[in-house]
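# Sequence plus predicted model, see below.
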Amino acid sequence: KAIARLQKHVTRLASLISDLYKLSLTALGTKRYRKQECDFSEILGETSTSIQDKLTQAGLILEQYISKEPLWIFADAERLQQLLLNLFNNSINYTEAPGKIKVSLNQEDNAAVLVIEDSTPGVAPELHEKLFERLYRAESSRSRETGGAGLGLSICRNIVEAHEGKISISTSELGGLKITVALPLQVSV
């Protein structure tokens, strides 16, 4: 039992170290990004397919409304996938089963706008901005065993800002959180 407990703690520490490393890389800004023209719709489609098993295991349904047209942005595809995985994992980890995650991606003006919403539980509106702070977690009852280290949304904000975009949190009509990411579309020359 002691060895099993130690192994569990080591796994959690390894995860925390990994998150801190990712945070430090994203905090370095655009110097560490390999940007090129890429289709945000395609990256979102691939990422949502990769999490299907995890969604099923968590008792959640994913509804997708992804633009059929390519949404070309100048971005680091690997960092975008990291952004999407962090956002999806956040919803999966903090949405009660049976539940729903709804994702949409469309063009609005000169931006690709991604919206990820989840069902209950939610977070009080006065705490929404604090969710982006490093190591902050909305509920003290959420343990580091079931949740993360409180770094995921901070990493997401760094990635979005390095792509000259905006990220915000509001209350979802589904009862949970609504995260909106707007990234500038590639301008044709």
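Right, received. Where do you want to start?

# Where do the strands of this structure begin and end?
36-39, 60-66, 72-75, 99-108, 111-119, 166-171, 175-184 (DSSP state E).

# packing partners for the fourth one?
Taking 3 or more Cβ pairs under 8 Å, 6 or more residues apart in numbering; DSSP states H and E as contact, the helices and strands that strand 99-108 lies on are helix 40-50, strand 60-66, helix 77-93, strand 111-119. (C-beta placed from N, C-alpha, C; glycine too.)

# So for that strand, what gets flagged as buried?
99-105 (16 or more other Cβ atoms under 10 Å).

# export those residues to CSV and tack on distance to N158 and pLDDT?
CSV is the format used below for those (distance: Cβ to Cβ, whole Å; pLDDT from 0 to 100):
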residue, distance to N158, pLDDT
G99, 28, 95
K100, 28, 96
I101, 23, 97
K102, 25, 97
V103, 21, 97
S104, 23, 97
L105, 21, 97
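
# Quick one: low-confidence residue ranges for the chain.
Where the chain drops to pLDDT under 70, the residues are 16, 19, 21-31, 134-151, 188-189.

# Contact partners for the residue nearest in space to the middle of the chain?
Centroid-nearest residue in the chain, with Cα atoms, centre = their mean: L87, separated by 1.6 Å. Contacts for L87 (Cβ atoms under 8 Å, 6 or more residues apart in numbering) come out as 116, 156, 179, 181.

# Closest one of those residues to H9?
Ranked by distance to H9 (Cβ to Cβ), the contacts of L87 are led by C156 at 26.5 Å.

# and that closest one, what does it touch?
Neighbour list for C156: 83, 86-87, 132, 167, 181 [criterion: Cβ under 8 Å, 6+ apart].

# out of the residues you listed, who's nearest S48?
Nearest to S48 among those: L87, at 10.7 Å, using Cβ to Cβ.

# quick one: which of the contacts of L87 is most hemmed in?
V181 (25 neighbours; other Cβ atoms under 10 Å).

# If we ignore the residues flanking it in sequence, what's nearest that residue?
Leaving aside its sequence neighbours, V181 sits nearest to L114 (Cβ to Cβ, 6 or more residues apart in numbering; 4.4 Å).

# What about the one you found, how many residues nearby?
L114, neighbours per other Cβ under 10 Å, totals 26.

# Specify the beta-bridge partners of it.
L105, V181 (DSSP bridges).

# pretty sure it is touching S168, no?
No - with contact defined as Cβ atoms under 8 Å, L114 does not reach S168; the gap is 11.4 Å.

# Against I61, how distant is Q186?
Per Cβ to Cβ, to the nearest Å, Q186 is found 32 Å from I61.

# Compare those two and say which one has the larger neighbour count.
More neighbours surround Q186 than the other of Q186 and I61, with 19 against 13 (other Cβ under 10 Å).
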